[in-house]
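J.: test case, fold it:
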Amino acid sequence: MANTLFTLKNAYLAYGDCPLLDNAELSVQEGERIGLIGRNGTGKSSLLQTIAGRTKLDDGEIQRKDGLKVVLLPQEPELPLAPTLRESLLAASGFDRSDDRRFWQQAAKLDSYLERLKVASDADPATASGGERKKAAIALAFAKEPDLLLLDEPTNHLDITTISLLEDLIRDVCRNSKALVVITHDRAFLDSVATRIVELDRGILRSYPGNFAEYERHKDYELKIEETTRRKFDKFWAQEEVWIRRGIEARRTRNEGRVRRLERLRREREARRDRIGHVNMSIDTGEKSGKLVAELKGVSKSFGEKNIIRGLDFTLMRGDRLGLIGPNGAGKSTLIKILLGELQPDSGTVRLGTNLHVAYFDQLRAKLDLNKTVADTIAPGSEWVEVGGVKKHVKSYLNDFLFSPRRADSPVSALSGGERNRLLLARLFALPANLLVLDEPTNDLDIDSLELLEQVLEDYSGTLILVSHDRRFLDNTVTQVLAAEGNGEWHEYVGGYSDWLKYRRKPEEKSAPAEPAPRLQSPRPQRARSVKLSYKEEKELAGLPKEIEALEAEQQSLLEAMASPGYHEKPVSEIKANRERLDALPGILEERYARWEALEEKREIAEKKA
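T.: Just a heads-up that it's a prediction; the model follows:
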C-alpha cells in the first residue's frame, strides 16, 4: 500500500470573514496525480502555499512525511536577471555549490529537462516570451527532484505542442513514490494526467477518483441528488414554518419537541452552503456583415528571415467559426491582424467584406486601464450600458459576470488574472459585433466560466476567429481550423482540434506519394439461413431485460459509491477495479441492447413468415 505524503486535518484558513478552507481534509499518497479545481478566488493557490509550508493554517493541522521534499511552481514564476535563461535558473535553483560533483549532476539534470521541453536555454530572460520563461521554470521544478510537485496553472502561456510534452513528462516522472498536485482549468490536460480530482468548493475539499471526464459523470449525479435532497428539505421546512405560525397549537407541551426540531431546521438552512452563482454571458451580434468577411490571395509575410505566412489563399465567410492552431511564435496574431486589415502583407492581396463590426479580445489585456474602476471600464461616465438594444444598470450587468456591487467600484489593478479576463469579456460582449476575435480568452478562466463561454459562442450567429491552446475549448467551439505547419505554410482543415490532430500533414507525409487505396474483394454469396429463433436464443431474449436492468443498477451503485466521502481511502486495487468496471459498463450495455434489438427483429421476421 502506498505511503501517505501529507495529510490536512480540520484545516481552517480565512482572509477577512471569507473562509478559504473550512474544516477541510485532504491526504495525498505516493504516485497520485491530483487535479485541484474550483472557482477563481476560492483559495486553490492558497491551499498550495499551505501544503508547501509558505502559509500557515488559522486552525487545524498538517502532517508531512519525514524528509518530504516539496517544490511549488507559482502561476507567474520570477527568474533573476542573468545573461541566459540557463544561468538565471541555476541562480534560482538553490543547488548545492559546495559540492561540485553534486552541483554538476543537478545542472546536467536541468539541462536534460530544458532539452526535453525544447527550451532555448541561451535566450535572454529579459526578452524571452512568457511561454519560454514558463517552460524554463517547469524544467527547474522537475530538476529539483521533489517527492511532491505542486504546479499552479502550468499550461498558461504554453502552446499545444509543449502542453503535450508536459503531459508526457508528468506521466514519466510522477509515478511510484512521486506525487503531483496541479491547479489547471485545462480539461484535456486533466483527462490526460490526473488520477484523482479534488474540488475546492466553498471551503470544503471533495475528492473524486479518476480524471476530469470521470469527475464530470460523478458530479452530475451528485448535483442531481443534492437538488432532490434540498427540494425535499425546503418543502418540509416550509410546512413546519406554516405550523409554527398557528401559534397556540405550537405552545402546547406535547409539541415542544416539534418546536425544537424547527429551530434545528432553521439553523441547518442558515448554515447551508448554497452553490455559487453562474456567469451570465450573452453577445450582442448587431447587424449582419456582408456574406464575405475576408479573402486572402497569395498572401505572404516575413519578419527578417523568418517566414510567417507564405502564399496563403483563404476565404472567411459570414458565420464561419475559425480556429487558429500553431506553436507560440508561428504567427497566429499576425494572421489575425492581416485578416482584419490592421497589417499589410509583403505580397498578395487582402479583400475585406462590408459592414464589419469587430470586437477583439486582446491577449495581453492592453485595453484595460488599471487605474479605472471596474464599472468605469464598462460604461465610462455613465451608470448604464446598452446590450442588444436593452439598457441595463452597469452594476447589474457586471453582476452577470460575478462582480459584486462593491467589486464594481474597485480599481482594475486590484483584480486577479481571471477577474480581468471576465471584465474584458464583459466589455467585449457589451459591444455590437458581427465579427468576434478571441485571442487566448481561456487563460485564468475557471472551468464553469469556460463551459458557459462555450455555450454562448455556440449560440453566437456572427463570425468567430479563435486562438486558443485549450484543446477541448477548440473542439467545442470551432468548425474549421487554419493550422501553421512550419516555414510559413498554413493549411485548412474541417472540424476542431481533434480533427486536425487526426488528419494533419505529418512531416514525413508531406513529400511522400499517397499510397493507393486497397482493393476490396467482393464477398462470396452466403446461403440463406433460417430466421427462426432457436431455443437458446428464445431463452436469451427472455432474460435480456433483467440482465440489462441489473447492469444499469450496478452502474448506478458504482457511481454512488465513488461519490461517497472517504472513497479515495479504499485500497488502490479496489478503486482501480471499480473504475475499470465503470468504464466497461457503457460498452457492455450497448452490446446487450443491440443484441436485444437484433433478436427482437429476428423474431418479428420469423412471425411474419410463419
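J.: can you list the low-confidence ranges for the stretch 501-610 of the chain?
T.: 505-532, 563, 565, 568, 572, 608-610 (pLDDT under 70).
J.: could I get the buried residue list for the helix or strand in which Gly587 is found?
T.: For Gly587, the element it lies in under DSSP states H and E is helix 572-609. Residues 575, 578-579, 582, 585, 589, 592, 595-596, 599, 602-603 are the ones in helix 572-609 that count as buried (16 or more other C-beta atoms under 10 Å). Bear in mind the C-beta positions are built from the backbone N, C-alpha and C, glycine included.
J.: same deal with stretch 122-134?
T.: 123, 125, 128, 131-134.
J.: make a markdown table from those residues and add distance to His491, pLDDT and secondary structure to it.
T.: Output for the buried residues of stretch 122-134, formatted as a markdown table (distance: C-beta to C-beta, whole Å; pLDDT from 0 to 100; DSSP: H, G, I helix; E, B strand; the rest coil):
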| residue | distance to His491 | pLDDT | secondary structure |
| --- | --- | --- | --- |
| Ala123 | 29 | 92 | coil |
| Pro125 | 34 | 90 | coil |
| Ala128 | 29 | 89 | coil |
| Gly131 | 23 | 89 | helix |
| Glu132 | 26 | 93 | helix |
| Arg133 | 30 | 93 | helix |
| Lys134 | 28 | 94 | helix |
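J.: now Thr42. Nearest residue, chain neighbours left out?
T.: Once flanking residues are discounted, Thr42 sits nearest to Leu200: 5.0 Å by C-beta to C-beta, 6 or more residues apart in numbering.
J.: just Val394 next, same as before
T.: In space, Val394 is closest to Ala379, 4.4 Å off (C-beta to C-beta, 6+ apart).
J.: does the one you found touch Val387 like I think?
T.: No: if you go by C-beta atoms under 8 Å, Ala379 and Val387 don't touch, sitting 10.7 Å apart.
J.: so how far is Lys372 from the residue nearest to Val394?
T.: In this view, Ala379 and Lys372 are 11 Å apart by C-beta to C-beta, to the nearest Å.
J.: who's more crowded, the two?
T.: Ala379 (19 against 14; other C-beta atoms under 10 Å).
J.: least confident secondary structure element in this structure?
T.: Using mean pLDDT, DSSP states H and E, the weakest-scoring helix or strand in the chain turns out to be helix 256-271, at a mean of 60.
J.: the helix or strand following that one pairs with which strands?
T.: Following helix 256-271 in sequence order, the next helix or strand is strand 292-303 (DSSP H and E). If you go by DSSP bridges, strand 292-303 pairs up with strand 306-317 (antiparallel), strand 347-352 (antiparallel).
J.: only the buried residues of strand 292-303, if you could.
T.: Applying 16+ other C-beta under 10 Å to strand 292-303 flags 293-296, 299, 301 as buried.
J.: distance from the chain centre to it, please.
T.: Distance of strand 292-303 from the chain centroid (C-alpha atoms, centre = their mean, to the nearest Å) equals 33 Å.
J.: one more: stretch 448-464?
T.: Taking C-alpha atoms, centre = their mean, one finds the center of stretch 448-464 at 15 Å from the center of the full chain.
J.: swap in stretch 110-126?
T.: Its chain's C-alpha centre and that of stretch 110-126 lie 27 Å apart, by C-alpha atoms, centre = their mean.
J.: and the contacts of that stretch?
T.: Stretch 110-126 is contacted by residues 79, 81-86, 88-90, 93, 128, 132-133, 135-136, 138-140, 142-143, 162, 165-166, 169 when judged by C-beta atoms under 8 Å, 6 or more residues apart in numbering.
J.: which of the residues you listed fall in strands?
T.: The strands, defined by DSSP state E, take in nothing from these.
J.: in PyMOL, how would I select just the buried ones from these?
T.: In PyMOL, this line selects whichever of those come out buried by 16+ other C-beta under 10 Å:
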select buried, resi 79+82+84+85+86+88+89+90+93+128+132+133+135+136+138+139+140+142+143+162+165+166+169
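J.: out of the contacts of stretch 110-126, list just those in helices.
T.: 85-86, 88-90, 93, 132-133, 135-136, 138-140, 142-143, 162, 165-166, 169 (DSSP state H).
J.: highest mean neighbour count out of the strands paired with strand 292-303?
T.: strand 306-317 (a mean of 17; mean count of other C-beta atoms under 10 Å).
J.: got the angle between the next helix or strand after it and strand 292-303?
T.: Downstream of strand 306-317, the next assigned helix or strand under DSSP H and E is strand 321-325. Strand 321-325 and strand 292-303 are oriented at 10 degrees to each other (axes from the mean of the first three to the mean of the last three C-alpha atoms, to 10 degrees).
J.: please renumber so the chain begins at 39
T.: Will do, 39 is the new start, and the previous item becomes strand 359-363.
J.: list the strands paired with strand 359-363, with their directions.
T.: For strand 359-363, using DSSP bridges, the partner strands are strand 501-505 (parallel), strand 518-522 (parallel).
J.: skip the chain neighbours and tell me the closest residue to Pro443.
T.: Of all residues not flanking Pro443 in the chain, Lys433 sits nearest, at 5.0 Å (C-beta to C-beta, 6+ apart).
J.: what about Gly98, helix or strand, and which?
T.: Assessed by DSSP H and E, Gly98 sits inside strand 97-102.
J.: identify all contacting residues around that strand.
T.: Residues contacting strand 97-102 (C-beta under 8 Å, 6+ apart): 43-50, 59, 61-62, 88-89, 108.
J.: rerun at 7 Å
T.: Under the contact criterion C-beta atoms under 7 Å, 6 or more residues apart in numbering, strand 97-102 has outside partners 44-50, 88.
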